[in-house]
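Asker: Mind looking at a prediction? Sequence and model below.
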Amino acid sequence: MSSIIKNYRDYRDYEREVLKSNKELKKAYDALGPEYALIAKIIERRIKDGLTQKQLAKKAKTKQPVISRFERGDFNPSLQFLHKMAEALDLKLKISIS
């Protein structure tokens with residue numbers, strides 16, 4: 001297992017522990033849940049595919065700083081951007097409202 005994937009898994013374990021022990025943080029995190037779930041899925045797939053942010057940016061026809069801002073949650077992506085990201089990672093973009 002690559003160290004990047006191991007570190008990601010270690011982070012997920014840490015995240016679960018922190019959210020379990022801090023109810024106020026969990027409430028705020030849950031409010032941002034869909035946004036962070038989307039970001040986590042993109043990061044997870046990028047890492048699984050062995051891509052750097054720069055490589056993903058090239059595939060998605062954008063720039064690395066845009067990928068970085070998106071992954072940090074500092075960027076409000078358009079549907080067009082999300083479609084390009086999904087396409088670059090061989091994912092299917094599905095949107096629903098319930």
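Answerer: Everything's here; your move.

Asker: Hmm, K63 is touching Q53, no?
Answerer: No: K63 is beyond contact range of Q53, at 9.5 Å (criterion: CB atoms under 8 Å). For the C-beta atoms, the positions are set from N, CA and C on the backbone; glycine is no exception.

Asker: Between those two, point out the one with more neighbours.
Answerer: Set K63 next to Q53 and count neighbours by other CB atoms under 10 Å: Q53 wins out with 17 against 13.

Asker: Please list all residues in contact with the nearest residue in space to the more buried one that is not next to it in sequence.
Answerer: Spatial nearest neighbour of Q53, excluding adjacent residues (CB to CB, 6 or more residues apart in numbering): I67 at 4.3 Å. Applying CB atoms under 8 Å, 6 or more residues apart in numbering, one finds that I67 lies in contact with Q53, K54, L56, A57, A60.

Asker: so which of those residues is the most crowded?
Answerer: L56 (23 neighbours).

Asker: Which pLDDT does the model give it?
Answerer: Note for L56: predicted pLDDT of 98.

Asker: Equivalent analysis for I4, please.
Answerer: 58.

Asker: just K84 next, same as before
Answerer: 96.

Asker: ok now the helix or strand hosting it, how far from the chain's centre?
Answerer: According to DSSP states H and E, K84 maps onto helix 79-88. Centre-to-centre, helix 79-88 and its host chain are 13 Å apart (CA atoms, centre = their mean, to the nearest Å).

Asker: Next: stretch 78-93.
Answerer: 12 Å.

Asker: and the contacts of I67 as TSV, adding distance to R16 and secondary structure?
Answerer: Shown next, in TSV, are these (distance: CB to CB, whole Å; DSSP: H, G, I helix; E, B strand; the rest coil):
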residue	distance to R16	secondary structure
Q53	25	helix
K54	30	helix
L56	26	helix
A57	30	helix
A60	30	coil
